[in-house]
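Trainee: next comes the sequence, and after it the predicted model I'd like to discuss.
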Amino acid sequence: MQKSTSINLDAMGLEQLKSLHATLGERIARAERHQARDRIIEIARANGLSVQFSDAMKTPLPSTPAPVAASNGNGKGNGNGHVKKARKAKGAKRPVPAKYRNPDNHAETWSGRGRQPRWLAPLTKSGRELTEFQISR
């Protein structure tokens, strides 16, 4: 286990906190990769196999924590910390309203997206127009 370092988060500005967040995310990802690598090696050896990794996976984890960008007094850090912007989570997609309805079975509808449904394809191939099946709004 590594020596713990005390950090006063309350004294840090927004940019410093963002820099620390990015650094921690990178360190956690690297530690998880190395943990997975060690598990793969363990499983391979248990089954009499050998494993070779790229040079990126062979590098050991650093024993000292990454430095946190120091503040220059304005609460914005000193500008040398790299901060990644968080991606917005994609929400659940809403169902698209139906545009076409099967005249023989009103429960069968189609939004007009993707492949034509089985009930519609033979009707349009026989010469009927797609507009004949539109749901009036």
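Mentor: Yep, that arrived.

Trainee: okay, CA-based contacts and neighbour counts for the rest of this
Mentor: OK.

Trainee: which residues of this structure fall in helices?
Mentor: For the chain, the helices defined by DSSP state H occupy 14-46, 55-58, 121-125.

Trainee: now for the longest one, which elements pack on it?
Mentor: With contacts defined as 3 or more C-alpha pairs under 8 Å, 6 or more residues apart in numbering; DSSP states H and E, the secondary structure elements packing on helix 14-46 are helix 55-58.

Trainee: average model confidence for the helix it packs on?
Mentor: Averaged over helix 55-58, pLDDT sits at 58.

Trainee: check stretch 5-21 too.
Mentor: 88.

Trainee: can you offset everything so residue one is 46?
Mentor: Yep, numbering from 46; the last one is stretch 50-66 now.

Trainee: roughly how far out does it sit from the chain middle?
Mentor: How far stretch 50-66 lies from its chain's middle: 25 Å, per C-alpha atoms, centre = their mean, to the nearest Å.

Trainee: stretch 52-72 too?
Mentor: 22 Å.
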